[in-house]
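Undergrad: The following block contains a protein sequence and its predicted model.
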Amino acid sequence: MAFDDLAWRTLGSEIDYTCPGFDVVRDDVRLPDGTETEFHYVSEPPSVVVLPFTEDGDVVVIREWRQAVERVNFGLPAGGLEDEDADVSAAARRELREETGYEAGDVERVGTYEPANGLFDSVLHYVLAHGCEPTASQELDHNESIAVETRTFEELRSKALDGDLRDGRSALAVLQYAVRSDE
């Protein structure tokens, strides 16, 4: 079956709901068999996820309240790309600094993923940051509650493998790095 045989045709699109951070979009679509229906999805700006290593090889991690799951989430610094960001690396440096107060010596892009492309148009860009040092104060948004700490990579890897690193963005970064390191 060719790609064209699977493609849906978008006949129209409207935002059903908008709020800070995302929109809920309704597309009117025609399926390959000719059926016309609606499809809803969440649309949000691209984001960056940073796996930041200190000079000692530890990883800078955050604990952040997540209202959707009503608990403190353990994970990596992450956030949306903003208009003033020159590129993904600039966004990674900004998010790391704002959320943790750490700044990176070097950054390296490692991949781009669509974490839930059946429900969201989200795009996550993954970046490694090396030589991270605490040089500034956090610059948190009004709706962020974040504590910063460091952990060994092995501890994060174990948490990801055991299912104790519940944040999917962070688990993917840790496991991806672990696989690359084992190659």
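TA: Everything's here; your move.
Undergrad: only C-alpha atoms for contact and neighbour calcs from this point on.
TA: Noted.
Undergrad: Point out where the protein drops to low pLDDT.
TA: For the chain, applying pLDDT under 70 flags the ranges 1-3, 183.
Undergrad: what residues go with each domain of it?
TA: Structural domains assigned to the chain are 3-43, 47-182, following automatic domain parsing.
Undergrad: would CSV of these with mean neighbour count be doable?
TA: Below are the domains of the chain laid out as CSV (neighbours: other C-alpha atoms under 10 Å):
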stretch, mean neighbour count
domain 3-43, 13
domain 47-182, 17
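Undergrad: who's in contact with the residue nearest to Leu119 when sequence neighbours are not counted?
TA: Leaving aside its sequence neighbours, Leu119 sits nearest to Tyr41 (C-alpha to C-alpha, 6 or more residues apart in numbering; 5.1 Å). Listed by C-alpha atoms under 8 Å, 6 or more residues apart in numbering, the contact partners of Tyr41 are 24-26, 118-121.
Undergrad: Tyr41 - that's part of a helix, no?
TA: No: using DSSP: H, G, I helix; E, B strand; the rest coil, the assignment for Tyr41 is strand, not a helix.
Undergrad: Bridged to it, which residues?
TA: Val25 (DSSP bridges).
Undergrad: Could you tell me how far it is located from Glu114?
TA: Here the criterion is C-alpha to C-alpha, to the nearest Å. By it, Tyr41 lies 13 Å from Glu114.
Undergrad: joint contacts of the two?
TA: Asp121.
Undergrad: Kindly export the helix or strand harbouring Phe53 (C-alpha atoms) in CSV.
TA: In this structure, Phe53 sits in strand 47-54 according to DSSP states H and E. What follows is strand 47-54, C-alpha atoms only, in CSV (Å, rounded to 0.1, in the frame of the first residue of the first chain):
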residue,chain,number,x,y,z
SER,A,47,10.0,21.9,22.8
VAL,A,48,13.6,21.0,23.8
VAL,A,49,14.6,18.4,26.4
VAL,A,50,18.1,18.8,27.9
LEU,A,51,20.3,16.0,29.4
PRO,A,52,22.8,18.2,31.3
PHE,A,53,26.1,16.8,32.6
THR,A,54,28.3,18.6,35.1
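Undergrad: picking that back up, ok, the residue nearest to Leu119 to Asp164 distance?
TA: Relative to Asp164, and taking C-alpha to C-alpha, Tyr41 is found at 28 Å.
Undergrad: Identify the residues contacting the residue in the chain sticking out farthest from the centre.
TA: Distance from the C-alpha centroid of the chain, by C-alpha atoms, centre = their mean, peaks at Gly34 (35.7 Å). If you count contacts by C-alpha under 8 Å, 6+ apart, Gly34 has none.
Undergrad: This structure: helices as residue ranges?
TA: Remark: helices assigned in the chain by DSSP state H are 3-6, 88-100, 153-162, 168-182.
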